[in-house]
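Participant: need coordinates for the below:
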Amino acid sequence: MVSLGWRARRLGQSIFTIWAVTTLSFVLARLMPGNPMGAMIRRLEQQGVNPVRARELVQLRLSIDPSKPIPIAYVEYLANLLQGDLGISTYYQQPVADILANALPWTLFVLSWSVFLSFFIGISVGALMAYWEGGKLDVGLTSWAILMGSVPFYVLAIVLLIFLSYRWHIFPVGGREPTGIAPGFNLPYIVGIVQHALLPIASMLVASGIASLGMRGNSIRVLGSDYLRVARLRGLSDITISTQYVARNAVLPMYTSLLISIGEMFGGSAVLEQVFQYRGLGYYLLSATYQRDYPLMMGGFILITIAVVLALLFADLTYSLIDPRAGGDGQ
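Facilitator: Presented below is the predicted three-dimensional model:
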């Protein structure tokens, strides 16, 4: 098991990373030339708002008081963040925290199924490739895995959208929930949500190609281990060997990759959700970029950073529980 000191250091690193990102967002808003704060003030003044009122509005929207000294404004900014105050969106005219809180569950719904299915398919296919190493099945599945791993997810998304939505009308062309159906825990609404999410989920399955190649390599290494020869000499069946020995040990190194992929998919969700007009976290983040909605951009950036840091921290702290061989100081 990893030491308590290593766990404390790893937790401290995560807290430092989150602090650094929030500080960077403050610096971008307050100190950099051509900063968002100055741009927002000038835009309001061009719209006829007097300078004093313009500064008040910017303070309200960014949770940063432009009239106060930098150290005091910085402390107040951090205090507001700890209270969940991310400012007010200049485009949607709503609190940023409310927008992100409403969008995050939809993104998590798509990403959780995408990650689960990608690695389930990747582990299953990779095990088959390793078991029949060098055979026709291995060659065919390896070609498929390389193709899937090489195709950008947004290219697959556009292809699926063109054929399955616009041409064949099998799935909705966009949105995240059905229209004309009252939201609630009822079958028509749930089916509509699933139909809107299927194409974004399918587009993310390109990750299964990389996962299957990783599983194939891990399985081949395990198949050459001495303890498998002992297991065969003991007369254990192929099913027992493949499930109790090969699969279990081959999957372990992929655990960290599984959680790291969550961060990668969070970043990719911005483009994917724009393609399908799926109003999740990525959709609002990219929309904020187009509209120069600095409070929403900063809030989305901070939220994604926290999600990625927590995923990596969870992977590091729990890996030794899954694989007892990862002992010592976690190095």
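
Participant: which SSE is immediately downstream of the helix-or-strand element of the chain with minimal mean pLDDT?
Facilitator: Within the chain, no helix or strand scores below helix 238-240, which has a mean of 71 by mean pLDDT, DSSP states H and E. Remark: after helix 238-240, the chain's next helix or strand is helix 248-251, criterion DSSP states H and E.

Participant: packing partners for that next one?
Facilitator: Here helix 248-251 touches helix 96-131, helix 207-223, going by 3 or more C-beta pairs under 8 Å, 6 or more residues apart in numbering; DSSP states H and E. C-beta here means a position set from N, CA and C on the backbone, and glycine is covered the same way.

Participant: redo that, cut-off 6 Å
Facilitator: Applying 3 or more C-beta pairs under 6 Å, 6 or more residues apart in numbering; DSSP states H and E, we find helix 248-251 packed against helix 207-223.

Participant: next SSE after the helix it packs on?
Facilitator: Counting by DSSP H and E, the next helix or strand C-terminal to helix 207-223 is helix 226-233.

Participant: distance between that next one and the chain's centre?
Facilitator: Mean-position distance between helix 226-233 and its chain equals 40 Å (C-alpha atoms, centre = their mean, to the nearest Å).

Participant: what mean pLDDT does that helix get?
Facilitator: For helix 226-233, the mean per-residue pLDDT is 78.

Participant: specify the angle between that helix and helix 207-223 in degrees.
Facilitator: Helix 226-233 runs at 70 degrees relative to helix 207-223, counting by axes from the mean of the first three to the mean of the last three C-alpha atoms, to 10 degrees.

Participant: neighbouring contacts of helix 226-233?
Facilitator: Contact with helix 226-233 is made by 241, 245, as judged by C-beta atoms under 6 Å, 6 or more residues apart in numbering.

Participant: start at 484, not 1
Facilitator: Yes, from this point I'll number from 484; that puts the last item at helix 709-716.

Participant: buried residues in that helix?
Facilitator: 711, 714 (16 or more other C-beta atoms under 10 Å).

Participant: now do stretch 531-548
Facilitator: Per 16+ other C-beta under 10 Å, stretch 531-548 contains these buried residues: 537-542, 544-548.

Participant: got it, and stretch 491-502?
Facilitator: Neighbour-count burial for stretch 491-502, with 16+ other C-beta under 10 Å as criterion, is recorded at 493, 497, 500-501.

Participant: now the residues you listed as a markdown table including distance to residue 661 and pLDDT?
Facilitator: Formatted as a markdown table, those follow (distance: C-beta to C-beta, whole Å; pLDDT from 0 to 100):
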| residue | distance to residue 661 | pLDDT |
| --- | --- | --- |
| 493 | 44 | 88 |
| 497 | 39 | 92 |
| 500 | 39 | 92 |
| 501 | 37 | 93 |
